[in-house]
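Peer 1: pasting the sequence and the predicted model now:
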Amino acid sequence: MKNMNTSPNSKMPPLNTSLDTQKFEKYGLDFTLNVKTETRPKWIQVCKDRSGRKYTEEEIRWLSEVVQECRRTNQPVEELPQFILAWELTEEKVSCTYVVSATLQDDEDCKTPKPVELFSTPDGPILGIVEFSAEEEMYCLLDPCVVQYVNDQIKLIPIFNVARRLRLKKNAVRAIQAPAELIIACYPDFVMQNRMMEHQLRPEVPFSVSPKLTSNSIKKDSD
C-alpha cells in the first residue's frame, strides 16, 4: 500500500458528496428519504517504533509471544520496543451514507408529506411523525414510539397510554435528527400496528424489530 501523506499537518484531501432521493412504499405508507453520500480518502492506523519502522499486527503478536516465552523459561530477553500509533493516508476511498431528511405521506393524517424525526429526550429516543402545530411550546408527534437498541437490534416500542398522538414539550427535547435508514425500515410495521391499536397497553412488546446489526449495516467501503 502506497503512503500518500503521513504528515498530520498536511492539507486534508477533498471530500466528494452527493445527495440522492430514495422512495419506498409499505402498507400504503409512502416514505421519501434524502440520503447524503460522502466519499473521502481512507486513513488507516499504523504502529511504529520510535525510529519510524512500521510493524504489522502479526509482527507485534509474534514479538509479544517471544517475550512471554522467554520470561516463562527464564531466558534472557530484550524488552519490546515502545510503539506509537499514528494515522496514515492511503490511496483507497471510503464511502458512507446517512439520511438528511425523511418524510411520510399516506391517505390518513399525512395527505401532505410530513417529516419523520428522531427526538432525543431524558427518557430515551422517541421516533414520530411531526404534525405541524400552532403551539409554540409543544411538538405534536403522530404514531410515536420509543427506540431501543437491545442485543444488536433496533426495537420500536409503543409509549404507555399514548395511542396516535404525543404532545412533547420542546424544553424536554435535547436534540432532533433524521432517523437512520435502519430505523426508517422498521417504522412501517410499527405504524400499521399502532393505527390498529394492537398494543392494548402493553408498552414492553415491540411492534417492530430489526435484523441483527453489523458494521456493514452502517457503512460501506469501496475502492
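Peer 2: Nice, thanks for sending it over.
Peer 1: and the lengthiest strand in the chain, what does it pack onto?
Peer 2: The longest strand of the chain (DSSP state E) is strand 84-105. Where contact means 3 or more C-beta pairs under 8 Å, 6 or more residues apart in numbering; DSSP states H and E, strand 84-105 is packed against strand 29-48, strand 114-121, helix 181-195, strand 220-222. Every C-beta, even on glycine, is put in place using the N, C-alpha and C of the backbone.
Peer 1: orientation of the second one relative to strand 29-48 in degrees?
Peer 2: Angle between the axes of strand 114-121 and strand 29-48 is 50 degrees (criterion: axes from the mean of the first three to the mean of the last three C-alpha atoms, to 10 degrees).
Peer 1: oh, and call the first residue 245 from now on, that's how I've got it
Peer 2: Sure thing, new numbering starts at 245, so read that last one as strand 358-365.
Peer 1: quick check: next helix or strand after strand 358-365?
Peer 2: Later in the chain than strand 358-365, the nearest helix or strand by DSSP states H and E is strand 368-375.
Peer 1: that following strand: how far from the chain's middle?
Peer 2: 17 Å (C-alpha atoms, centre = their mean, to the nearest Å).
Peer 1: what's the mean pLDDT across it?
Peer 2: The average pLDDT within strand 368-375 is 92.
Peer 1: repeat for stretch 441-457
Peer 2: Taken as a whole, stretch 441-457 has a mean pLDDT of 59.
Peer 1: give the buried residues for the longest strand of the chain.
Peer 2: Judged by neighbour count (16 or more other C-beta atoms under 10 Å), strand 328-349 contains these buried residues: 332, 333, 338, 341, 343, 345, 346, 347, 348, 349.
Peer 1: my read: the third one touches residue 260, true?
Peer 2: No: the pair residue 338 and residue 260 does not pass the contact test of C-beta atoms under 8 Å, sitting 11.2 Å apart.
Peer 1: picking that back up, what would the helices and strands packed on strand 328-349 look like in a markdown table with distance to residue 307?
Peer 2: Below are the helices and strands packed on strand 328-349 laid out as a markdown table (distance: least, C-beta to C-beta, whole Å):
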| stretch | distance to residue 307 |
| --- | --- |
| strand 273-292 | 11 |
| strand 358-365 | 45 |
| helix 425-439 | 41 |
| strand 464-466 | 29 |
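Peer 1: that'll do, ta.
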